[in-house]
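>>> Quick one: sequence plus predicted model below, questions after.
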Amino acid sequence: MSSKSQGVLSLLLVVAALIAACAPAPTPEPTQPPEPPTSAPEPTAAPTEVPEGETYKIGFSASITGPGSSLGEPERNSAEMIAQQLEDQGGIVGPDGVRHDVEIIIYDDESNPDTTVSVVRRLIEEDQVQVVVAGTLSGNSLAIVPVVTEAEVPYISMASARSIIQSPETGETYPWVFKTPQENVHSAQWQALYLQNQGITKVCHLYENTSYGQDTFAGAQKAFEEPGVEIVYSATFERTDTEFGAQMAGVQSSGCEAVVVGAIPPGASTVTVALRDFVPDLPVIQGHGTCNQAFIELAGPAAEGIVTPCGRLLAAETLPDDDPQKPILLDYIADYTAFTQGAPISTFGGHGWDGVMWAVEALGSLEEGMSLADQRAAVRDYIESNISGWPGTGGVFNITPTDHLGLTYEALTFVKVEGGQWVYFPETDW
Amino acid sequence: MRVGADGVGPDPSPMSGDRSLSRRALQVVAVLAILALAVAAVIALGSRLNFGPQQYLQLVLDGLRGGTIYALIAMGFVTVFNITGIINFAQGAFVMLGAMLAVTVYDSGLPLEPPLRLAVAVLAGIGGTTILGLLMERLTIYPARHHSTLTLIIITVGAYIALQGLALVAWGAKPYVLPAFSTLELQDTTLRFSGLVLKAQSFWIWGTTAVVLVALAFFFERTLTGKALRACALNRKGARLMGISVSRMSMLAFGLAAALGATGGIVVAPTTRPMYDMGLVLGLKGFVAAIIGGLVSSPGAVVGGLMLGVLENLAAGVTKPGLKDVFAFVLLILVLLYRPEGILRRRGRVVEQS
């Protein structure tokens, strides 16, 4: 989306928010959005006279610019889309029948952890939001965990590292932190299954020198051990690298039979081009950080035949009809395509959608007259106990007090690049 | 205090022939010993990874390609430093601007055949960046020309940040694609010689740099403007007394540096995915190359660039590839500590210019 249309869009949103704030009585009986089964309870008040309560605020921050922007932009689009839908339906109605407008305050964290911390502080302290959905990148998400924990604000991350929701040392689940994306260890489990199926026992692992890349490597170390896949060579690279000779020399002389890459575009794409030049015969398996069209566009023909575990979103239409996620996915794709006027679907936009929808649903459970601190605590409790059997874009979530993601590796599926597109690549075709 | 050009002023530490000779011999022995140690270390570390000759050759080849880009960028540092005495940290921004402008023109839908469109895009990238370089000098350096060198250097850092910020606004944070020059597509031709991999773009990089070197030599040796620039490099006051406008030469130096940086950015663009922040690392590496070459000579910059490219690639290849940038900057520190006058120059040439 061009910056101009972004400007126009944000202007429209501001104007729309102003109009909504000045509007008289809302339309009665607001229709619920395309929501999962466990949506907010029905309003109890008389449909013609719905009392109006305070405006709820969701703080949203993503990497709209900077290296994470290919992920952050679709996330932002999803948040804007939900804001628009909520406005069209006239906000949400609580269990006590009071109607509330929902404002989604959107900031850009510039793919920078320091900026993330400062915008999230601003959301919490100045904007007084009930819940924060933020952090496109794992590094940025990790940076705000202490901030939200200290302020006791429920926080939903859109990044994948497990360490965002759970202390790697003690295994303790951070009480205020949730996240929506499937994990690198889930990706690694899929990769292990695939490698096993292909009879490959020696792999090379190349990963970007970022939190995400390091987490993919940690996930691979964990998941590859049991099926007996040995990582015979591992190396990091930088997104800005113009030569990969050092990594390729290592890959060539290590004798590995496949290369696993942990990176997001453009780094994932440039390293794929190098791999195709140096080791054209080795299969290349990516992680789910490449689940967007940008990866293919930036890698060109080198992307052909690359396989990766991905969320079901990219293969929605090819899923069996009894898949519990299918209707949600198709609705999301239709809504997102219409809202963005044809922007490509990416799973990252889905991660943003899942997070904001949890927040919206939790806000819908609040009673009128609670203090901000109580509201925040109630939102946290709601997400922890009620997001269960909840089909979103990332999988069917089952959040528990000890698992603030609630997904297994089955939330992902396997896809392959064919003719410049990601296509469903089920186990039966391996 | 400024580091003057070769041959200006008296040698401050004249030594007797014998002493300097034995010292030279000792130095040569020390250098050879260090080199032998380094080669032994590389081979020892490489054997740990089962590296054969093919791997080493590939690393050197890749290093020569990256190093050529560093050399082009380093020549921009040298040009500005020679003529104005300041280190222009905005050089990296020129690299990025060259690539981004070329991409923009190429993608703009000009009704031309792709080869012609690419040529126009390349020229527009270099031309546009040169104009921006001239403008930058007029708008930021010229008004502050009476301030200290340090102030001017800090201004160039500011100019870099401003240019990168403007690029972010203009192009957003997404990576772009400039097609490979040989295929005019994203996918480049790959040449293979008994296991060695060479991209067609590498020849464009080397060829362009060779042409640029010849053109620069011609410009400095044979044209009046080039000679005037050299005069400023040798002795600013003297040049001014001869009726050369030093301020115009300063502007020209920035324009030239911008053109060199842009050329580097454009030829390297097909091997990476240009985006608004690509100039930072490339600019800093170019600076390291310029320092290795002694900061005052273009041939030095070329040698420095190639050395940096090869050394960082070899070192990273046999240890951890993620440490590539670390090696480059460690090399910078080592050169600054032990050979601040650059590897090509003899000691005792650092002179003060009043």
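Looks like it arrived, so ask away.
>>> Any idea how many residues pack against the residue in the stretch 1-150 of chain B positioned nearest to chain A?
Using C-beta to the nearest C-beta, the single residue of the stretch 1-150 of chain B nearest to chain A is B:Asp62, 3.0 Å away. The way it works is simple: take the backbone N, C-alpha and C, and place the C-beta from them, glycine included. Using other C-beta atoms under 10 Å in any protein chain shown, B:Asp62 has 27 neighbouring residues.
>>> Name the nearest residue to it, sequence neighbours excluded.
Leaving aside its chain neighbours, B:Asp62 sits nearest to A:Gly245 (3.0 Å; criterion: C-beta to C-beta, 6 or more residues apart in numbering or on different chains).
>>> wait, isn't that neighbour in contact with B:Gln58?
Yes: counting by C-beta atoms under 8 Å, B:Gln58 is a contact partner of A:Gly245 at 5.6 Å.
>>> ok so, going back, so which bits of the helix or strand hosting the residue of the stretch 1-150 of chain B closest to chain A are buried?
Element membership of B:Asp62 [criterion: DSSP states H and E] is helix B:53-84. Neighbour-count burial for helix B:53-84, counted by 16 or more other C-beta atoms under 10 Å in any protein chain shown, picks out B:54-56, B:58-84.
>>> Quick one: the helices in the stretch 251-354 of chain B, in order.
When assigned using DSSP state H, counting those that start in this stretch, the helices of the stretch 251-354 of chain B occupy the ranges B:279-292, B:298-318, B:324-338.
>>> before we move on, what about chain A?
A:3-22, A:69-88, A:113-125, A:138-151, A:184-197, A:211-225, A:245-254, A:267-278, A:293-299, A:326-340, A:347-363, A:372-386 (DSSP state H).
>>> just those helices: most buried one?
Mean neighbours per residue, mean count of other C-beta atoms under 10 Å in any protein chain shown, is largest over the helices of chain A for helix A:347-363, with a mean of 28.
>>> Briefly note if stretch B:88-95 comes near chain A.
No: remark: stretch B:88-95 sits outside contact range of chain A, by C-beta under 8 Å from any C-beta of the partner chain, the gap being at least 11.1 Å.
>>> middle-most residue in the chain, spatially?
Answering for chain A, as no chain was given. The centroid of chain A falls nearest to A:His351 when counting by C-alpha atoms, centre = their mean (2.5 Å).
>>> Hmm, no, I was thinking of chain B.
Closest-to-mean residue, chain B, C-alpha atoms, centre = their mean: B:Ala74 / 2.0 Å.
>>> doesn't B:Ala289 make contact with it?
Yes: B:Ala74 is within contact range of B:Ala289, at 3.8 Å (criterion: C-beta under 8 Å).
>>> list residues touching both of these two?
B:301, B:304-305 (C-beta atoms under 8 Å, 6 or more residues apart in numbering or on different chains).
>>> just those now: which is nearest B:Ala167?
B:Gly305 (23.9 Å; C-beta to C-beta).
>>> Can I take it that B:Trp198 is in a strand?
Quick fix: residue B:198 is Leu, not Trp. Yes: under DSSP: H, G, I helix; E, B strand; the rest coil, B:Leu198 sits within a strand.
>>> Leaving out chain neighbours, which residue sits closest to B:Gly300?
B:Gly293 (3.0 Å).
>>> hang on, the earlier thing: do you know the pLDDT at the residue nearest to the centre of chain B?
In this prediction, B:Ala74 carries a pLDDT score of 96.
>>> how about low-confidence regions in the chain?
By default, I'm working from chain A. The model of chain A has pLDDT under 70 over residues A:1-49.
>>> wait, I meant chain B there
Ranges of chain B meeting pLDDT under 70: B:1-18, B:346-354.
>>> Strands of that one, residue ranges please.
Along chain B, counting by DSSP state E, strands occupy B:190-193, B:196-199.
>>> Other residues contacting the last one?
Contacts of strand B:196-199 with the rest of the structure, by C-beta under 8 Å, 6+ apart, involve A:248, A:277-278, B:54, B:57-58, B:61, B:180, B:188-192, B:271.
>>> what do you get if the cut-off is 10 Å, keeping everything else the same?
Contact with strand B:196-199 is made by A:243, A:245, A:248, A:252, A:273-274, A:277-280, B:54-55, B:57-58, B:61-62, B:65, B:180, B:182, B:188-192, B:205, B:270-271, as judged by C-beta atoms under 10 Å, 6 or more residues apart in numbering or on different chains.
>>> how about it as PDB, C-alpha atoms only?
Extracted C-alpha coordinates of strand B:196-199, given in PDB (Å, rounded to 0.1, in the frame of the first residue of the first chain):
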ATOM      1  CA  LEU B 196      33.600 -22.900  -8.600                       C
ATOM      2  CA  VAL B 197      30.500 -20.800  -8.900                       C
ATOM      3  CA  LEU B 198      30.700 -17.400 -10.500                       C
ATOM      4  CA  LYS B 199      27.800 -15.100 -11.200                       C
END
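>>> Strand partners (parallel or antiparallel) of it?
Looking at strand B:196-199 with DSSP bridges, its partner strands are strand B:190-193 (antiparallel).
>>> For the partner strand, buried residues please.
Within strand B:190-193, no residue is scored as buried using 16+ other C-beta under 10 Å.
>>> Count the residues that sit near whichever residue of the stretch 301-430 of chain A sits closest to chain B.
Per C-beta to the nearest C-beta, A:Pro301 is where the stretch 301-430 of chain A lies closest to chain B, at 4.8 Å. By the criterion of other C-beta under 10 Å, A:Pro301 has 14 neighbours.
>>> quick one, what contacts it?
A:Pro301 touches A:273, A:276, A:417, A:420, B:185-187, counting by C-beta under 10 Å, 6+ apart.
>>> Find the nearest non-adjacent residue to residue 77, please.
You didn't say which chain, so I picked chain A. Using C-beta to C-beta, 6+ apart and skipping residues adjacent in sequence, the residue nearest A:Asn77 is A:Thr340, 5.2 Å away.
>>> that's the wrong chain, I wanted chain B
B:Ala290 is the one closest to B:Phe77 (C-beta to C-beta, 6+ apart), at 3.9 Å.
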